[in-house]
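Q: Take a look and give me a structure for this.
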Amino acid sequence: MQSITPITANRKSSLVRRLWRPAVGVAAVAALAVAGLAQPWQHDSNTMQSAAKNAAVSSTGSAQKSSTSTKTNTTATVNTTVSLKAPGKTPQLAMPRAGAAIMAVDGIGAMDSKNANTVLSTASVAKAMTAYQVLKDHPLKAGWYGPKITVTKAEAALFNKQARQGQSLVPVRAGEKITERDALEALLLASANNMAQILARWDGGTVPHFVAKMNASAKALGMNHTHYTDPSGFTSSTKSTVADQIKLASGALKVSQYYAITSLRSAWIPVKGHIINFNKLLSNPAVIGLKTGSMNAAGGCLLFTAKYKVNGKPVTLVSAVFNQRGPNGILHAVFDSSFKLLNSAHKSLHAYNVVKKGQVVGTVPGTKNQLVAAKDVTVAGFSGMTVKGHLSAKVAKAAKNGAKVGSLKVGSTSVPVTVKLAA
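A: Predicted coordinates for the structure are as follows:
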């Protein structure tokens with residue numbers, strides 16, 4: 001049996017020397033962990049004000065220890081969207097008595113609406129998406145007419161049949177070469193159903209493949225209640241809502257040359273020659289398009305935009321009016337309803353302070369320190385509107401009261417943001 005050596009005083013001393021270092025190390029790590037939990041500056045907080053409650057907040061820090069002091073360079077970062085509300089109630093506009101309609105300020109939201117999410121046949125307003133898809137796939141620069149499209153024998157042969165059906169058309173010839181720009185003018189001004197078919201075949205290879213692309217683009221734009229079954233809207237199964245259609249109008253604003261075409265009062269194309277734009281709303285110089293539509297299943301339909309300046313600030317209105325009917329015809333009815341709606345919307349446009357100098361727009365995470373706008377923010381729009389702003393700031397722990405720490409951007413306006421330290 002192995003003998004057990006008794007623990008002498010000298011051995012006790014040796015054991016202590018061997019064990020004290022790891023024990024102290026564990027204690028030190030525990031102490032640092034507790035100290036870290038006690039530093040609210042380094043952790044996300046749930047105490048931000050409602051204007052910045054969705055903040056994506058991150059905190060970073062480092063510490064360097066010397067023999068006399070600890071120096072901390074910790075920064076709190078705020079990067080979030082804030083909602084800013086204009087005073088007053090949203091306006092009540094001159095909505096049509098029947099059908100569906102919506103009026104919105106592009107980039108802000110709806111001023112007023114009626115049956116905005118009711119699914120209805122679009123008639124030729126469907127061609128607005130056809131043009132959007134073609135220009136996305138084959139962009140045009142100012143002054144360009146683009147590639148030439150050859151009309152096939154089969155497409156030319158369909159003309160007489162389509163005419164007997166009462167479709168809106170422009171004459172074409174087999175072998176005719178028409179530029180992309182001319183084809184789009186025939187589509188959007190003269191509302192030619194046969195040109196919608198020709199463009200769809202040219203762009204998509206086949207018409208069904210092009211229609212699939214139209215539906216994919218609608219989904220990408222958030223048009224969740226829209227379904228296209230043809231590129232012209234001649235089939236009543238092509239349906240949408242007015243709320244969806246203003247999403248398309250907003251998307252089209254970003255496509256080069258789209259509105260350069262839809263704002264034309266007239267144009268000249270091969271074979272047909274002179275054509276006029278069916279959109280009578282263009283008599284208002286603020287209007288820049290977009291597309292008319294009419295048939296028995298859909299009534300009179302119109303998708304349009306208009307640009308104004310309010311206190312020197314540009315404002316773009318987007319609107320859709322569907323399923324209008326009247327004794328003087330469905331197109332006359334939709335133009336009458338749209339004129340009244342546009343005029344009432346124009347009168348409701350004003351400039352509003354959505355942020356005032358000195359207003360608290362957020363807080364520094366983990367602290368009671370506030371983020372304050374250093375200037376007023378004025379936005380052109382309508383009373384009661386909610387405007388989205390982007391708040392970004394980086395606040396050092398040693399920041400001085402009133403120091404500029406970031407910015408608040410609302411549309412094209414950006415104002416400084418300062419820090420207000422808690423008392």
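Q: Please make it C-alpha for all contacts and neighbour counts, starting now.
A: OK.
Q: Span of stretch 89-97 from start to end?
A: From its first residue to its last, stretch 89-97 covers 22 Å (Cα to Cα, to the nearest Å).
Q: So which bits of that stretch are buried?
A: Within stretch 89-97, the residues that count as buried by 16 or more other Cα atoms under 10 Å are 90-91, 93-96.
Q: show me what contacts Phe322?
A: Applying Cα atoms under 8 Å, 6 or more residues apart in numbering to Phe322 gives the contacts 99-101, 120, 122, 242, 298-302, 334.
Q: and with 6 Å instead?
A: By Cα atoms under 6 Å, 6 or more residues apart in numbering, the residues touching Phe322 are 99-100, 301.
Q: if we can go back for a sec, among the buried residues of stretch 89-97, name the ones in helices.
A: Here DSSP state H is the test, and the buried residues of stretch 89-97 give no hits in helices at all.
Q: Distance to Met195 and pLDDT added to the residues you listed, as CSV?
A: Output for these, formatted as CSV (distance: Cα to Cα, whole Å; pLDDT from 0 to 100):
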residue, distance to Met195, pLDDT
Thr90, 42, 96
Pro91, 40, 97
Leu93, 36, 98
Ala94, 35, 98
Met95, 33, 98
Pro96, 32, 98
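Q: How about residues contacting the helix or strand encompassing Asp112?
A: Here Asp112 sits within strand 109-114, counting by DSSP states H and E. With contact meaning Cα under 6 Å, 6+ apart, strand 109-114 is reached by 100-104.
Q: Figure out how far it is from the centre of its chain.
A: 16 Å (Cα atoms, centre = their mean, to the nearest Å).
Q: Tell me which other helices or strands the helix or strand following it touches.
A: Going down the chain from strand 109-114, the next helix or strand is strand 120-121, by DSSP H and E. On a contact count with 3 or more Cα pairs under 6 Å, 6 or more residues apart in numbering; DSSP states H and E, strand 120-121 meets strand 239-240.
Q: residues in contact with the strand it packs on?
A: For strand 239-240, contacts defined as Cα under 6 Å, 6+ apart pick out 119-122, 225-227.
Q: Same question for stretch 256-272.
A: Contact partners of stretch 256-272, identified using Cα under 6 Å, 6+ apart, comprise 171, 182, 274-277, 288-290.
Q: Assign a three-state SS to Ala218, would you?
A: Using DSSP: H, G, I helix; E, B strand; the rest coil, the structure places Ala218 in helix.
Q: Now do the same for it: its pLDDT.
A: Per-residue pLDDT puts Ala218 at 98.
Q: rewinding a little: name every strand pairing with the strand holding Asp112 and say which way it goes.
A: Strand 109-114 has its sheet partners listed here by DSSP bridges as strand 100-105 (antiparallel).
Q: And the contacts of the partner strand?
A: Residues contacting strand 100-105 (Cα under 6 Å, 6+ apart): 110-115, 316-322.
Q: quick check: mean pLDDT across stretch 283-300?
A: On average, stretch 283-300 scores 95.
Q: before we move on, what about stretch 365-381?
A: 95.
Q: Same question for it: list its buried residues.
A: With the criterion 16+ other Cα under 10 Å, stretch 365-381 contains buried residues 365-367, 369-375, 377-381.
Q: Let me know the closest of the residues you listed to Lys347.
A: Gly381 (10.7 Å; Cα to Cα).
Q: Next up, the contacts around that closest one.
A: Gly381 neighbours (Cα under 6 Å, 6+ apart): 349-350.
Q: so how far is Thr90 from it?
A: Remark: distance between Gly381 and Thr90 (Cα to Cα) = 10 Å.
Q: go on, Gly362?
A: Gly362 is 26 Å from Thr90, by Cα to Cα.
Q: one step back: report the rounded mean pLDDT for the strand holding Asp112.
A: Average pLDDT, strand 109-114: 97.
Q: re earlier: now, which of the buried residues of stretch 365-381 lie within helices?
A: Short answer: the buried residues of stretch 365-381 have none in helices (DSSP H).
Q: Specify which member of the residues you listed is nearest to Ala212.
A: Using Cα to Cα, those come closest to Ala212 at Gly381, 36.4 Å.
Q: Specify the beta-bridge partners of the closest one.
A: His350.
Q: Same question for the one 5 residues further on.
A: Beta-bridge partners recorded for Thr386 (DSSP bridges): Lys85.
Q: Run a quick neighbour tally on it.
A: Neighbourhood size, Thr386 [other Cα atoms under 10 Å]: 19.
Q: Would you confirm that it contacts Pro87?
A: No. Under the criterion of Cα atoms under 6 Å, Thr386 makes no contact with Pro87, lying 9.5 Å away.
Q: What segments of the stretch 201-350 of the chain are strands?
A: 239-240, 266-269, 273-276, 287-295, 299-310, 313-324, 350-355 (DSSP state E, counting those that start in this stretch).
Q: List the buried residues of the second one.
A: Residues 267, 269 are the ones in strand 266-269 that count as buried (16+ other Cα under 10 Å).
Q: Pull the distance from that strand to the chain's centre.
A: 33 Å.
Q: same question, the fifth one
A: Strand 299-310 has its C-alpha centroid displaced from the chain centroid by 18 Å (Cα atoms, centre = their mean).
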